[in-house]
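A.B. asks: Predicted coordinates and the sequence they were generated for:
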Amino acid sequence: MSPVMGNIVRLMTRKCYVAIESRESWDRKLSLSSLNSVIEEIGFWCKNLSLYNHRFLFLSKEKNVIVYSDASDSACAACTVEVEEKVFHRMWTDNERLQSSTWRELKAIEDALKSFSNYLAGKSLKWFTDNQNCEKIVQSGSMKPNLQDMALNIFSTCISHGIDLDIQWVPRKMNERADYLSKIIDLDDWCISNSCFDYISSIWGPFTIDRFASSSNNKVPRFNSIFWNPGSEHVDCFSCTWKNENNWLVPPISLVDVFNTGRWTSTLLDSRNMRDQRLQELTSLLPSYCLKAKADNTRRQYRYAYKHFSDWCISHALTSLPASDHTVSMYIIHLAQTYSSAPKIEESTHAISWFHDLAGFTDPCQSNLVKQVKEGAIRDTKKPVCRKEPISAQHMSLLVDKFGNENCSLYDLRTTTMCLLSYAGFLRFSELSNLRMCDVNFFQTHVTLYIVKSKTDKYKAGSTVCISKTGLSTCPVSMLSKYIEKANISPSSEEYLFRQLTYFKKSESFRLRKVNKPISYTRSREIILLAFESIGLDKSKFGLHSLRSGGATAAASAGINDRIFKKHGRWKTDKAKDGYVTENLVEKLSVTKNLGI
């Protein structure tokens, strides 16, 4: 049936196949009395066999709507591609966060389709996802019950609303909008307890509609939401009438708008009284330029940390902005007792300081009381740092002997080249993985690598790393040249140097994939640690940073000039540089040997 009816056959016969395979023998009869799911599948075919007993060889039906979906660890999202973009977004519950990535991606498709179902009714969709498993499961189902149930729910929604769904996988870089939306943290996704709602409802209820809600926290069956959600009547409650309704209102208590308090109160008033339009425009840009003083990730971390502090203050009827030094001190003790994490304490105090600085309030974290409490909390919660061991030049030699000879495959050469460049250039993984062919320049005595973006390069000036030819078998310049030649990368190309490989059985060889996407951290760590293990190292003691620290340790032992050393590794401070250097026993013993005793 599959060649005629397509993927519906596989999707709607999964339970039947499972039941048939569960028999102890071919001759044994199968009782369907307790197998409701099998009966439902048989019933489906009894009703719809004639409807699906055909298939068009050529499908030229134009797609009315294009949808992209994605899921992160915190939320799921989807968006339509049209002038008036429609956005679905929902935060995960604690249980949903524990599910597999495939489950979350499939759930994103299911919930988004339900949210858009009335709008998409009778239309033909092109749905893009960056999870390959989802594409197969939506089309053909799954042997895992929970995934199969979601596939059936998607199919049922399409059938009941006359939706023609064509799902297709796309690389993550082509799914950036949905990826961005799925990482939005809805800080106002909260609700009051059921007991509190029941009490209020008994006095002023029953309520007919919940105006500020989502599908996970609505207290009334009819509700409005900020994004499209399954069951939501309207998106943006202010765009619809509230007449003739008993409205349940729990408006979001968002973060205190730091740009509407403190120094900004007078600034905004002054700007309104300005007659010069240019000065008004410049004044309006002040907040955005203040925010640009921090990197995106830093702002995101600080906002989350401050939201946690603000919520704690609200729960104890305290003021968070401006906060007193006594309030901050109590909060630090709360963090120490609850999380026992020194980094969390550091992050929280930095966030509180930043918010107070932006608002123009006195920073409570500069108080002697806060400083002493913070120091005591960090001392109480500080744990010893277990650093990974550095790789040595002898280890690099063993790697080259095993994976860098003339008979090695492209897979082995890629591993060896990545290790040698990281070791010789003190490269972080982000710097290594983002190297493109156009960033590499070969000279008679050396090669230069242009680092477009670095962790410490906050002004995006870029930096150049020079790596010399050594004439040895472990020469990183020679190995890089061999790798580029074997990978057949054009010298004028803008392709990433280190990408995923495809193995061809017929020629028994590897080739770089055409998709211009750098190799992931997870995959790089996996192949490099396997290489370490193959030369007799305990891979649990090493990591990708072992290459950077190994090169730094070797340079320090060789007595390289500190200024050149620090510049080569792109460190801003001596403290950061010294953290990568591990002294050997000979160097440690040299102290007492030179004391003259």
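C.D. replies: Happy to help now that I have it. Residues are numbered from 1 along each chain as shown.
A.B. asks: From now on I want contacts and neighbour counts done on CA atoms only, so please keep to that.
C.D. replies: Fine.
A.B. asks: so who does the spatially most central residue of the chain touch?
C.D. replies: Centroid check for the chain by Cα atoms, centre = their mean gives Ser72 as the closest residue, at 6.2 Å. For Ser72, the contact set (Cα atoms under 8 Å, 6 or more residues apart in numbering) comprises 104, 179, 182-183.
A.B. asks: Between the residues you listed, which sits nearest Cys466?
C.D. replies: Comparing these against Cys466 with Cα to Cα picks out Asp179 as the nearest, at 36.2 Å.
A.B. asks: pLDDT at that closest one, what is it?
C.D. replies: With respect to pLDDT, Asp179 scores 85.
A.B. asks: can I assume it is in contact with Ala71?
C.D. replies: Yes. Using Cα atoms under 8 Å, Asp179 is in contact with Ala71, at 7.1 Å.
A.B. asks: list residues touching both of the two?
C.D. replies: When contacts are counted by Cα under 8 Å, 6+ apart, Asp179 and Ala71 have Ala77 as shared neighbours.
A.B. asks: Comparing those two, which residue is more hemmed in?
C.D. replies: Neighbours per residue, other Cα atoms under 10 Å: of Asp179 and Ala71, the larger number sits with Ala71, 31 against 22.
A.B. asks: hey, what's that one bridged with?
C.D. replies: Here Ala71 sits in beta bridges with Cys76, as judged by DSSP bridges.
A.B. asks: Point out the least confident member of the contacts of Ser72, please.
C.D. replies: Least confident of the contacts of Ser72 in the model: Lys183, at 79.
A.B. asks: any idea how far that one is from Ala71?
C.D. replies: Separation of Lys183 from Ala71 (Cα to Cα, to the nearest Å): 8 Å.
A.B. asks: which stretch of helix or strand covers Tyr503?
C.D. replies: If you go by DSSP states H and E, Tyr503 is part of strand 501-504.
A.B. asks: go on, Glu485?
C.D. replies: Per DSSP H and E, Glu485 falls inside helix 476-487.
A.B. asks: Please state the offset of that helix from the chain centre?
C.D. replies: Counting by Cα atoms, centre = their mean, to the nearest Å, helix 476-487 is centred 32 Å from the centre of its parent chain.
A.B. asks: Quick one: mean pLDDT over that helix.
C.D. replies: Mean per-residue pLDDT for helix 476-487: 93.
A.B. asks: now do stretch 414-427
C.D. replies: Mean pLDDT, stretch 414-427: 93.
A.B. asks: Over to stretch 292-306?
C.D. replies: Stretch 292-306 comes out at a mean pLDDT of 80.
A.B. asks: Would you mind listing the buried residues in it?
C.D. replies: In terms of neighbour count (16 or more other Cα atoms under 10 Å), stretch 292-306 has its buried residues at 299, 302-306.
A.B. asks: contact partners of stretch 510-523?
C.D. replies: Contacts of stretch 510-523 (Cα under 8 Å, 6+ apart): 409-411, 429, 433-434, 487, 495-504.
A.B. asks: again with stretch 111-119
C.D. replies: Stretch 111-119 is contacted from outside by 69, 77-78, 88-89, 154, 157, 161, 228-232, using Cα under 8 Å, 6+ apart.
A.B. asks: Closest to Gly471 out of the residues you listed?
C.D. replies: Ser69 (51.5 Å).
A.B. asks: Give me the neighbour count for that closest one.
C.D. replies: Neighbour count of Ser69, defined by other Cα under 10 Å: 30.
A.B. asks: Isn't it up against Glu110?
C.D. replies: No. Under the criterion of Cα under 8 Å, Ser69 is not in contact with Glu110, lying 10.2 Å apart.
A.B. asks: thinking again about what came up before, compile the contacts of stretch 111-119 into TSV and extend it with columns for secondary structure and pLDDT.
C.D. replies: Formatted as TSV, the contacts of stretch 111-119 follow (DSSP: H, G, I helix; E, B strand; the rest coil; pLDDT from 0 to 100):
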residue	secondary structure	pLDDT
Ser69	strand	90
Ala77	strand	90
Ala78	strand	90
Phe88	strand	89
His89	strand	88
Ile154	helix	87
Thr157	helix	86
His161	helix	84
Trp228	strand	85
Asn229	coil	88
Pro230	coil	87
Gly231	coil	85
Ser232	coil	86
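A.B. asks: Including distance to Val515, could the residues you listed go into TSV?
C.D. replies: Compiled in TSV, those are given as follows (distance: Cα to Cα, whole Å):
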residue	distance to Val515
Ser69	21
Ala77	25
Ala78	24
Phe88	29
His89	29
Ile154	30
Thr157	34
His161	37
Trp228	33
Asn229	34
Pro230	36
Gly231	39
Ser232	39
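A.B. asks: ok, those residues vs Ala317, which is closest?
C.D. replies: His89 (31.1 Å).
A.B. asks: Could you report the neighbour count for the closest residue in space to the closest one that isn't next to it in sequence?
C.D. replies: Distances taken as Cα to Cα, 6 or more residues apart in numbering place Ala77 nearest to His89, at 4.3 Å, with adjacent residues excluded. Residue neighbour count, defined by other Cα under 10 Å, stands at 31 for Ala77.
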